[in-house]
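[1] quick check, what structure comes out for this input:
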Amino acid sequence: MKIAMDVMGGDNAPLAPIKGGVMAAKTYGEEVLLVGPEDTIRGILKEQGAENTPGITIVHAPDVVDMHDDPATVLRQKPQSSMAVALKLVKDGQADAIVSAGSTGALLSGATLICKRIKGIRRGALAPVMPCAGGQVMLVDAGANTECTAEYLLQFAFLGSLYAEKIRGIQKPRVGLVNNGTEDSKGDPMRKEAYALLKAAHDAGRINFVGNVEGSMVPLGACDVAVCDGFAGNVMLKTIEGVAKFMAGEIKKMFMRSTGSKIGYLLCKKGVDEFKELFNQDMVGGAPFLGIAHPVIKAHGSSNEVAFMNAVRQAIAYTKSGMIAEVEQNIGHMTLDKT
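    Reported below is the predicted structural model:
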């Protein structure tokens, strides 16, 4: 298996993705294609003593997608950028999946235009996982589609449910529709229509729909897959991240107030470290773009080498899962267009 790594994407590029790619090749035994300026990659590999690492291949791409570039047009304007070349490797079958920490908008645009969506899927969706009571919850969509239809939400539910089952190993994953109340009468017309579609899919035995869930219920483990439009999903994701950082800061200040509280910290350090680990995104690796015809993993912009290594692990698992083929086989249940 070959995983294309965009080494010029992210805040810590090119060092972190190159180091992460090397770690992944050693750990998982699959080939990692380091895509970017060849001289830069060779120089870093030499500095790290990794120039002869088995499973590492360099693919030259002289240009770079900048975070300030227009996401809708940048890959056409920069066809030799590391992101564009990596996507083309996947499209042409020279790589099985791509990992990039570059611009989310550019990656989604490129994945849609170059790798294409699965036939019948209306929109690709960004689907990160977040910690919640009892495990993790997948949020679909978390920012790729700020305006949605009920059909989009139906497809997000199927995509998230299949991912949770095939890759995260959850039997009959619980799917919830994020809404402003739990009653089936809640929400705007689009969410009411989506509720009806999800309920019908549940009654037909195709998904395990548990109904509407309020934002406060998602971190408490009310569902395994939380379905929403990208605007609401992104606000929820960033709010939860912000609250987690706020709480971590307040806990630290509480323990630093006095000698006694510092001693107390030493007594409960293990528990505090476990709490912090819940929000360690480095161990997750990244978020998949569901609905794209090839595996595309979006790593966090601030990813370090451990995060990149785990993003490769995620790409390998996605490729091996057979999920994309399953979506293709069941697309008839995910679209309102029966023609």
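
[2] quick one: mean pLDDT for the lengthiest helix in the chain?
    Under DSSP state H, the helix in the chain containing the largest number of residues is helix 230-255. If you average the pLDDT over helix 230-255, you get 89.

[3] got the buried residues for that helix?
    Going by neighbour count (16 or more other C-beta atoms under 10 Å), the buried part of helix 230-255 is 230, 232-234, 236-237, 240, 244, 255. Every C-beta, even on glycine, is put in place using the N, C-alpha and C of the backbone.

[4] just give me the residue right at the centre of this protein.
    Residue closest to the average C-alpha location in the chain (C-alpha atoms, centre = their mean): A287, at 0.8 Å.

[5] alpha carbons of the one helix or strand in the chain whose mean pLDDT sits lowest, as PDB, please.
    Lowest by mean pLDDT, DSSP states H and E among the helices and strands of the chain is helix 269-278, with a mean of 76. Output of helix 269-278 as PDB, limited to C-alpha atoms (Å, rounded to 0.1, in the frame of the first residue of the first chain):
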ATOM      1  CA  LYS A 269      -1.100  13.700  38.700                       C
ATOM      2  CA  LYS A 270      -2.100  10.400  37.000                       C
ATOM      3  CA  GLY A 271      -5.700  11.400  36.800                       C
ATOM      4  CA  VAL A 272      -4.900  14.900  35.500                       C
ATOM      5  CA  ASP A 273      -2.600  13.400  32.800                       C
ATOM      6  CA  GLU A 274      -5.400  11.000  31.800                       C
ATOM      7  CA  PHE A 275      -7.800  13.900  31.500                       C
ATOM      8  CA  LYS A 276      -5.300  15.800  29.300                       C
ATOM      9  CA  GLU A 277      -4.800  12.700  27.100                       C
ATOM     10  CA  LEU A 278      -8.500  12.600  26.300                       C
END
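
[6] burial measure for the closest residue to G233 other than its chain neighbours, as a count.
    In this structure, G233 finds its nearest non-sequential neighbour in A142, 4.2 Å apart by C-beta to C-beta, 6 or more residues apart in numbering. Neighbour count of A142, defined by other C-beta atoms under 10 Å: 26.

[7] same question, V306
    Neighbourhood size, V306 [other C-beta under 10 Å]: 16.

[8] repeat for G20
    There are 30 residues near G20, going by other C-beta under 10 Å.

[9] for N208, same thing?
    Around N208 there are 21 other residues, counting by other C-beta under 10 Å.

[10] toward the C-terminus, what is the element adjacent to the longest helix of the chain?
    Using DSSP states H and E, the helix or strand that follows helix 230-255 in sequence is helix 259-267.

[11] residues in contact with that next one?
    Residues outside helix 259-267 that contact it (C-beta atoms under 8 Å, 6 or more residues apart in numbering): 254-256, 272.

[12] quick check: mean pLDDT across that helix?
    In this model, helix 259-267 carries a mean pLDDT of 85.

[13] check stretch 177-191 too.
    Stretch 177-191 comes out at a mean pLDDT of 94.

[14] these two touch, right, G29 and G55?
    Yes: using C-beta atoms under 8 Å, G29 makes contact with G55 at a distance of 7.0 Å.

[15] end-to-end on stretch 175-190?
    One end of stretch 175-190 to the other measures 17 Å (C-alpha to C-alpha, to the nearest Å).
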